[in-house]
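*Asks:* Show me how the following folds:
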Amino acid sequence: MEALVTTERHQTKKMPSQTEREQQHALSLEERTDLTYAEVEAMGITEPFELIDGRITFKVSYPIHARYLAKVVHIIQKYLDEQPIGELFVDMNVRLFPDDDRQSRRPDVAFYLNEHVPQADNEPPTIAPDLAIEIGATNSDFLPLFEKAGLYLSKGSQVVWSVIPAKACVLVWKAQERTWEYNTLTCPELLPGWSLNLAEFFAQPQPASAQ
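*Replies:* Numbering: from 1, shown residues only. All right, here's what the predicted structure looks like:
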């Protein structure tokens with residue numbers, strides 16, 4: 001196993017002054033670096049977004065991302081229907097820095113054991129999911145994907161999956177190790193008895209033959 005050392009990349013920055021706030025308000029939404037979650041929520045923005053140090057990033061879902069998101073949710077939910085040990089949440093904002101309103105992350109899938117399931121239906125949870133799943137759609141996704149995995153672990157996630165369709169594999173992150181899975185994916189810590197054949201999971205749908 002490869003040892004994994006995770007470090008917290010986030011560093012709290014000083015709050016902007018009134019003059020700096022006024023200057024920020026003159027910028028476009030994507031240029032601003034002082035946004036808070038409450039402010040963005042009040043704007044009524046419906047597109048999936050994350051806040052990183054006050055800067056908004058919109059999440060774009062390509063067909064390959066949407067395909068594997070739907071597949072992984074269906075497969076795990078089928079297991080949970082028979083073993084109701086927790087709950088899945090799809091594309092939900094999580095406030096991993098509850099004291100910093102300029103931070104918000106949005107894992108593709110968040111699984112919480114029953115004892116950790118968020119109780120407030122109208123507020124983002126402030127604890128990391130027990131299992132966080134992120135799906136990479138393009139090569140440019142890899143660095144932020146891996147940085148987020150380290151963040152989730154540092155904030156309390158037990159396991160993180162980085163699903164990488166381009167390589168037909170899943171990178172499994174735990175506190176002290178990371179492993180590349182190409183054959184069978186399991187998660188005995190959180191989903192006992194569950195397994196996934198990755199060759200079948202990543203198999204591409206075949207186009208219908210011409211008549």
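
*Asks:* show me where pLDDT drops low in the protein?
*Replies:* 1-27, 139-140, 207-211 (pLDDT under 70).

*Asks:* tell me the domain boundaries of it?
*Replies:* As assigned by automatic domain parsing, the chain contains the domains 17-57, 60-201.

*Asks:* Show the contacting residues for residue 184.
*Replies:* By C-beta atoms under 8 Å, 6 or more residues apart in numbering, the contact list for residue 184 reads 195-198. All C-beta atoms are positioned from the backbone trio N, CA, C, and that covers glycine.

*Asks:* if I pick residue 161, what's in contact with it?
*Replies:* Taking C-beta under 8 Å, 6+ apart as the criterion, residue 161 is in contact with 131-134, 170-173, 185.

*Asks:* which one of those is nearest residue 150?
*Replies:* For the contacts of residue 161, the minimum distance to residue 150 (C-beta to C-beta) is 7.6 Å, reached by residue 173.

*Asks:* Chain neighbours aside, what residue packs nearest to that closest one?
*Replies:* residue 160 (4.0 Å; C-beta to C-beta, 6 or more residues apart in numbering).

*Asks:* again, but for residue 109
*Replies:* Nearest non-adjacent residue to residue 109 (C-beta to C-beta, 6+ apart): residue 133, at 3.9 Å.

*Asks:* State the distance from that neighbour to residue 171.
*Replies:* 11 Å (C-beta to C-beta, to the nearest Å).

*Asks:* Can you pick out the residue with more neighbours from the two?
*Replies:* It is residue 133, of residue 133 and residue 171, that has more neighbours when counted by other C-beta atoms under 10 Å, with 24 against 20.

*Asks:* sec struct for that one, please.
*Replies:* Taken by DSSP: H, G, I helix; E, B strand; the rest coil, the conformation at residue 133 corresponds to strand.

*Asks:* these two touch, right, it and residue 107?
*Replies:* Yes - contact criterion C-beta atoms under 8 Å: residue 133 and residue 107 qualify, at 6.4 Å.
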